[in-house]
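[1] here are the coordinates; sequence isn't available:
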């Protein structure tokens with residue numbers, strides 16, 4: 001017993017102050033590459049996100065940075081389509097990119113479910129980064145279809161990320177796309193999951209990442225429950241929301257909400273400082289903001305590494321498919 005006690009004390013956090021940086025994306029919609037396929041124009045992309053993430057890791061220490069995406073990552077751009085449905089033999093480009101970038105957790109969005117079972121099931125099976133959706137419940141046994149959460153052990157502290165997808169999916173996606181699942185409202189379910197997971201994981205920091213809009217906080221929208229969670233959740237430090245493409249931050253002394261908008265144009269940035277005394281967290285301070293992304297700042301090594309994938313998507317995009325014999329009006 002004494003040996004076990006000594007081992008546990010060595011694993012816990014030392015007394016002092018710890019700061020974690022939470023970096024978030026959402027609604028990337030296939031913006032994997034900065035280059036377009038039919039012109040010389042460029043756009044914001046995961047290549048820029050990688051540049052900012054590495055810059056933050058260099059400044060704050062990689063152990064102190066948590067990178068999260070809140071969903072809608074497998075649909076939108078030609079690159080997503082190509083690796084969803086055309087080249088299904090290669091490992092999906094998004095899986096390879098997010099692993100390279102060091103994402104810690106990714107939430108499924110409604111457009112990710114829209115790709116269909118063959119696509120998102122393949123992603124879950126082959127991707128090293130966890131895909132989260134605690135409120136997607138199997139109809140055969142009542143258990144979550146996807147992983148509920150992930151706990152990251154950082155500097156002796158437990159940082160837990162719990163993910164939820166949009167509860168209104170069944171209103172506008174065909175049933176065959178989500179066959180075998182039901183989607184529960186985030187209120188009150190999220191609090192029940194938080195209470196259970198916090199106890200089990202002994203979480204010091206809790207992030208709830210949801211693919212749901214910010215909403216008005218009045219409980220009127222099943223599709224947009226971000227502010228509902230912000231106003232009601234207990235024991236949560238950050239709510240990361242998405243879906244409506246509207247960048248916004250809300251802050252209080254005990255919880256922050258971040259919505260980074262869409263298409264990698266902005267990054268969400270949360271910061272939490274914890275004071276540990278006698279091995280326990282005795283105080284926390286939080287802040288949140290949005291970072292404008294400069295599309296010209298890209299991870300050049302990443303761009304070069306995935307250049308063959310870009311060329312494959314570009315060739316597919318520009319391939320002649322037919323000829324119009326009649327003018328279209």
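    It's in. These numbers come from a predicted model, not from an experiment.
[2] Need the per-residue pLDDT for the most centrally placed residue in the chain.
    Closest to where the C-alpha atoms of the chain average out (CA atoms, centre = their mean) is residue 69, at 1.7 Å. Residue 69 is assigned a predicted lDDT (pLDDT) of 98.
[3] Just to check, it is in contact with residue 106?
    Yes. Taking contacts as CB atoms under 8 Å, residue 69 lies within contact range of residue 106: 4.5 Å. To be clear about C-beta, it is placed using only N, CA and C from the backbone, and glycine gets the same treatment.
[4] Could you name every residue contacting both of the two?
    residue 98 (CB atoms under 8 Å, 6 or more residues apart in numbering).
[5] Give me the average confidence score over stretch 35-42.
    Stretch 35-42 shows a mean pLDDT of 90.
[6] by contact count, what packs against the host helix or strand of residue 124?
    In the assignment (DSSP states H and E), residue 124 maps to helix 117-126. Contact partners of helix 117-126 among helices and strands, from 3 or more CB pairs under 8 Å, 6 or more residues apart in numbering; DSSP states H and E: helix 93-101, strand 131-132.
[7] Tell me which helix or strand comes right after the longest one.
    Reading on from helix 93-101 to the C-terminus, the next helix or strand found by DSSP H and E is strand 105-107.
[8] Point out the other helices and strands that that next one packs with.
    For strand 105-107, the packing partners by 3+ CB pairs under 8 Å, 6+ apart are strand 65-69, strand 131-132, strand 157-164, strand 205-210.
[9] rerun that using 10 Å as the cut-off
    Contacts defined by 3 or more CB pairs under 10 Å, 6 or more residues apart in numbering; DSSP states H and E place strand 105-107 against strand 65-69, helix 93-101, strand 131-132, strand 149-154, strand 157-164, strand 205-210, strand 238-241.
[10] tell me which residues of that strand are tucked away?
    Of all the residues in strand 105-107, those buried under the rule 16 or more other CB atoms under 10 Å are 105-107.
[11] Which of those sits closest to residue 290?
    Set against residue 290, the nearest of those by CB to CB is residue 107 (18.6 Å).
[12] need the contact list for the closest one.
    Contacts for residue 107 were tallied using CB atoms under 10 Å, 6 or more residues apart in numbering; they are 26, 68-73, 130-134, 146, 161-166, 208-212, 240-242.
[13] Check residue 190 too.
    Taking CB under 10 Å, 6+ apart, we find residue 190 in contact with 134-135, 162, 164, 184, 208, 210, 212, 225, 228-229, 232-233, 236, 239.
[14] most surrounded residue in the residues you listed?
    Of all the contacts of residue 190, residue 212 has the most neighbours under the rule other CB atoms under 10 Å, reaching 35 neighbours.
[15] Run through the residues that contact that one.
    By CB under 10 Å, 6+ apart, the contact set of residue 212 is 70-71, 107, 109-110, 135, 164-168, 185-186, 190, 221-229, 239, 241-244, 259.
[16] three-state assignment of it?
    Classification of residue 212 using DSSP: H, G, I helix; E, B strand; the rest coil returns coil.
[17] Pull up the gap between it and residue 76, please.
    18 Å (CB to CB, to the nearest Å).
[18] before we move on, what about residue 121?
    Computed as CB to CB, the residue 121 to residue 76 distance reads 20 Å.
[19] okay, those two: which has more neighbours?
    residue 76 (18 against 13).
[20] Stretch 178-187: end-to-end distance?
    Stretch 178-187 stretches 21 Å from its first residue to its last (CA to CA, to the nearest Å).
[21] centre of the chain versus stretch 116-132, how much separation?
    How far stretch 116-132 lies from its chain's middle: 14 Å, per CA atoms, centre = their mean, to the nearest Å.
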